[in-house]
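Student: give me a model of this one.
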Amino acid sequence: MFPVRQFIDHFDQMWKDSPTHFPVFQKEYSAVEKLQREQDYERFQLKVKELQNRKKLQKVRKDPGSSFFPVFKAFLETVFDFEKDHLQVILSDEFKNVSKDFFYKAREFGPELSPENIYQGLRNVWIMNGIQLMMNLPVKITPSVFAYSMIYPYSDNLLDDPSLSSAEKEIFSRRFNRRLHGEEVLPATFTENQLYQLVGMFEEEFPRNEFPEVYESLYAIQQGQTNSLNMHFDNGLTDDKTLDICFEKGGASVLADGYLVAGRLTREQEQALFGYGVYLQLLDDIQDVKEDAEASTKTMYSCVSSDSLGAFVNKTIHFGRRALEEMKCFERAGNDKFIDLMNRSIEAMTIESVGLHPSSYTNDYLDEIEKYSPISFAFVRRKREQSKSQRFAFFQKYFETVKPAEVSSL
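Tutor: Okay, the predicted model is just below:
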C-alpha cells in the first residue's frame, strides 16, 4: 500500500511552512503593455476565425500545422511572454500530435461526449505527457494514457451531477471500486459500461499480477474521490479534515498518472507526483471558489472570507514553488526548464482565476496581483463571457480544420 498518510503529512507541513506574504513574480506589466497585448490577443482571434473561412479551409487541411501553429506561437510569445525554451515544449511535434490523436480517439470512443468533455480529458493527457517527458519515455497516447484521461469526463461529471443524490453517487462509487479491484461487475448504466471498458484498457497494458502498484494507485484515487463526496458545509468537517481530503484527492490523482505512464515508480517519484497533484488540486479549488461556495461545497478556499482569500492564494503560490522543486528527482527535470514551464503556467492560471472572481477578493489584493497579469482583468472577464474557455476554443478551432483520417499523417 502507498504511504498516503505520510505523503499528506509531508505536504501538510510544507503548507503550514509556506508564508502568506505576496510572492515575487518575474514581470510587472504597465497599462500600456496590457493594452498592446490585448490588441495582439484580438488579432490572434481574428486570424483563427480566418482559418475557418471556406475558401481557406482546403489549404489549411493540406498543411494545418503551417497555417495554425505559427500564429499560435506568436500569440504565446507576444501576449503571454512564453520563452523560447517553453515554446519548444508546448509546440513540439510530440505534444501537437498527441493532442490531435487523443481528440479523435475520444470522439470515436465516446461520440456522445461534447467537445468540452473531451477537452476536460485532454488536460489530463497533457499532465501525463509531461510525466512521459520527464521520465524520458516516448510522448504518446498509450492505452492507459487514453483510458485514464477518459475516466475524467465520465466519472467526474457523474459525481458532480447535482441531479443525482449522494446515495446514488455512493452506489456508483462502490460498484466502480469493485471493478477497479478486478471483479466482474455487470454495468448498470451506459456510463458504467464506458468506464468498465476503460479499466479493461489498463488491464491489457498492465497485467494485474505484474504491476500491482498500478492498481493500488487507482484504488487510492478512487478512495480520494469517495472521501470528497463528504465535502459539504453542513457535514461538520474541520479545516484539517478538509485539507486531508483535498490533498488526498489531488495527490492520488497525479500519482495514478505516473503509474499509468511508467508502471513502476521510486518512492521519491511517488512523493513528488503526489505533491504536484496537490498543487493542481489547489489550483482547481481557486478556479472554482465561487461555484463551490454557491454549491455549499467546502474546500480550503470556499469557506474563506474575501479579506483572507488573497493570503491563501499567496500561500498556494509559495507552496507550489516548493512542491515542484521535488519534481527534480525525474531524469529530464533536472535542467529546470520543464519545471519552470509547469510553474509558470499554473501561476498564470492562478492570477487569471483571481481576476475572474473579483467579488471573492479585496480591491487592494486585486489591484496588486493584476500588475502581474499580461492583460487586464476586465479584458479577461470580457473574453470569458464570450467563451467559457478560450483555451478550449483555440484548440477546437484547430482540430476542426483537420479530418480524423489525417491525424496519423500529422
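
Student: center of this structure - which residue?
Tutor: residue 123 (4.9 Å; CA atoms, centre = their mean).

Student: got a list of what that one touches?
Tutor: For residue 123, the contact set (CB atoms under 8 Å, 6 or more residues apart in numbering) is empty. Glycine gets a C-beta too; all of them are placed from N, C-alpha and C.

Student: state the pLDDT value of it.
Tutor: pLDDT recorded at residue 123 is 84.

Student: so it sits in a strand?
Tutor: No: using DSSP: H, G, I helix; E, B strand; the rest coil, the assignment for residue 123 is helix, not a strand.

Student: who touches the strand or helix carrying residue 292?
Tutor: Taking DSSP states H and E as the criterion, residue 292 maps to helix 289-294. The contact list for helix 289-294 (CB under 8 Å, 6+ apart) reads 285, 297-299, 301-303, 309, 353, 357, 359-360.

Student: for the residues you listed, pick the one with the most neighbours.
Tutor: residue 301 (25 neighbours; other CB atoms under 10 Å).

Student: tell me the SS of that residue?
Tutor: coil.

Student: what of residue 22?
Tutor: Residue 22 ends up coil, using three-state DSSP.

Student: was I right to think it contacts residue 314?
Tutor: Yes: using CB atoms under 8 Å, residue 22 is in contact with residue 314, at 5.6 Å.

Student: between those two, who's got more neighbours?
Tutor: Ranked by neighbour count (other CB under 10 Å), residue 22 and residue 314 place residue 314 first, with 19 against 16.

Student: count of neighbours near the nearest residue to the more buried one once chain neighbours are set aside?
Tutor: Take residue 314 and drop its neighbours on the chain: the residue closest to it by CB to CB, 6 or more residues apart in numbering is residue 20, 5.2 Å away. Neighbour count for residue 20, taken as other CB under 10 Å: 14.

Student: I'd say residue 20 and residue 315 touch.
Tutor: Yes: using CB under 8 Å as the test, residue 20 is close enough to residue 315 to be in contact (4.9 Å).

Student: three-state assignment of residue 213?
Tutor: Residue 213 ends up helix, using three-state DSSP.

Student: from residue 140, how far off is it?
Tutor: 22 Å (CB to CB, to the nearest Å).

Student: so between these two, which is more surrounded?
Tutor: residue 213 (18 against 14).

Student: wait, that one sits on residue 265?
Tutor: Yes: Residue 213 is in contact with residue 265 according to CB under 8 Å; the separation is 7.3 Å.

Student: okay, and the common contacts of those two?
Tutor: residue 259.

Student: state the distance from residue 354 to residue 27.
Tutor: On the measure of CB to CB, residue 354 and residue 27 end up 17 Å apart.

Student: correction: the previous question concerned residue 351.
Tutor: 12 Å.

Student: overlap of the contact sets of the two?
Tutor: residue 372.

Student: which one of those two has more residues nearby?
Tutor: residue 351 (21 against 9).

Student: name the nearest residue to the more buried one, sequence neighbours excluded.
Tutor: Looking at residue 351 with CB to CB, 6+ apart, the closest residue is residue 373, at 5.1 Å.

Student: close enough to count as contact, the one you found and residue 356?
Tutor: No: at 10.9 Å, residue 373 does not count as touching residue 356 under the criterion of CB under 8 Å.

Student: which residues are common contacts for those two?
Tutor: residue 380.

Student: contacts for stretch 4-13 next, please.
Tutor: By CB under 8 Å, 6+ apart, stretch 4-13 touches 220, 243-244, 247-248, 251-252, 270-271, 274-275, 278, 319, 323.

Student: out of those, which end up buried?
Tutor: 220, 243-244, 247-248, 251-252, 270-271, 274-275, 278, 319, 323 (16 or more other CB atoms under 10 Å).

Student: hmm, which of those is lowest in pLDDT?
Tutor: residue 220 (86).

Student: secondary structure class for that residue?
Tutor: helix.

Student: just checking, residue 337 touches residue 85?
Tutor: Yes: the pair residue 337 / residue 85 is scored as a contact, 4.8 Å apart, by CB under 8 Å.

Student: my guess is residue 362 meets residue 306, correct?
Tutor: Yes: between residue 362 and residue 306 there is a contact at 5.8 Å, judged by CB under 8 Å.

Student: shared neighbours of those two, which are they?
Tutor: Common contact partners of residue 362 and residue 306 (CB under 8 Å, 6+ apart): none.

Student: now the helix or strand where residue 32 lies: mean pLDDT?
Tutor: Following DSSP H and E, one finds residue 32 within helix 31-50. Helix 31-50 comes out with an average pLDDT of 87.

Student: buried ones in it?
Tutor: 34, 36-38, 40-41, 44-45, 47-48.

Student: among those, which one sits closest to residue 89?
Tutor: Taking CB to CB as the measure, residue 89 lies nearest residue 44 of those, at 20.1 Å.

Student: residues contacting that closest one?
Tutor: Contacts of residue 44 by CB under 8 Å, 6+ apart are 71-72, 74-75, 79.

Student: go with 6 Å
Tutor: residue 75 (CB atoms under 6 Å, 6 or more residues apart in numbering).

Student: pull the CA atoms of the longest helix seen in the chain into PDB?
Tutor: With secondary structure taken from DSSP state H, the chain has its longest helix at helix 239-262. Output of helix 239-262 as PDB, limited to C-alpha atoms (Å, rounded to 0.1, in the frame of the first residue of the first chain):
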ATOM      1  CA  ASP A 239     -10.400  22.600   8.400                       C
ATOM      2  CA  ASP A 240      -7.700  19.900   9.000                       C
ATOM      3  CA  LYS A 241     -10.000  17.200   7.600                       C
ATOM      4  CA  THR A 242     -10.900  19.400   4.600                       C
ATOM      5  CA  LEU A 243      -7.100  19.800   3.900                       C
ATOM      6  CA  ASP A 244      -6.700  16.000   4.200                       C
ATOM      7  CA  ILE A 245      -9.400  15.300   1.700                       C
ATOM      8  CA  CYS A 246      -8.100  18.000  -0.700                       C
ATOM      9  CA  PHE A 247      -4.600  16.700  -0.600                       C
ATOM     10  CA  GLU A 248      -5.600  13.100  -0.900                       C
ATOM     11  CA  LYS A 249      -7.800  13.600  -3.900                       C
ATOM     12  CA  GLY A 250      -5.300  15.800  -5.800                       C
ATOM     13  CA  GLY A 251      -2.200  13.900  -4.800                       C
ATOM     14  CA  ALA A 252      -3.600  10.500  -5.600                       C
ATOM     15  CA  SER A 253      -4.800  11.600  -9.000                       C
ATOM     16  CA  VAL A 254      -1.400  12.500 -10.300                       C
ATOM     17  CA  LEU A 255       0.300   9.600  -8.500                       C
ATOM     18  CA  ALA A 256      -2.000   7.400 -10.600                       C
ATOM     19  CA  ASP A 257      -1.000   9.400 -13.700                       C
ATOM     20  CA  GLY A 258       2.600   8.500 -13.000                       C
ATOM     21  CA  TYR A 259       1.900   4.800 -12.500                       C
ATOM     22  CA  LEU A 260      -0.200   4.600 -15.700                       C
ATOM     23  CA  VAL A 261       2.600   6.200 -17.600                       C
ATOM     24  CA  ALA A 262       5.500   4.100 -16.300                       C
END
